[in-house]
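Engineer: need the 3D shape of this:
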Amino acid sequence: MAESKNKFESIREWVVDHKLRTVGCLWLSGIAGSIAYNWSQPNMKTSVKIIHARLHAQALTLAALAGAAVVEYYDHRNKPKADPYAKFLPVDRYSHKE
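Structural biologist: Residues are numbered from 1 along each chain as shown. Now for the predicted structure:
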């Protein structure tokens, strides 16, 4: 009987398949959240609020990239060696038969 994946494994698998999209979404949500927080601070100029939001989003992006690197390292270390491009290249189409 096939074992169903739990929610954590499903999320981890999606993150492994969509690393750049995950980092981009984290950056976008980080900058949006930081702008929302900084806009509630009344004693700052608008330019300072935008600079702070960019810095917070940049730090979050670096953390997300480090997390993606850890996931990649974990996957390469714990999974059997396989061709990472096998699911993208159909074998039958590139046959050497003449």
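Engineer: any idea how far the spatially most central residue of the chain lies from Gly67?
Structural biologist: The chain has Thr22 as the residue nearest its centroid, 3.0 Å off, counting by CA atoms, centre = their mean. Here the criterion is CB to CB, to the nearest Å. By it, Thr22 lies 9 Å from Gly67. All C-beta spots, glycine's among them, are computed from the backbone N, C-alpha and C.
Engineer: do Leu28 as well
Structural biologist: Leu28 is 16 Å from Gly67, where distance means CB to CB.
Engineer: quick one, which of the two is more surrounded?
Structural biologist: Neighbour totals were compared for Leu28 and Gly67, and Gly67 leads with 15 against 12 (other CB atoms under 10 Å).
Engineer: please, which helix or strand holds Ser50?
Structural biologist: For residue 50 the amino acid is Ile, not Ser. Using DSSP states H and E, Ile50 falls within helix 46-78.
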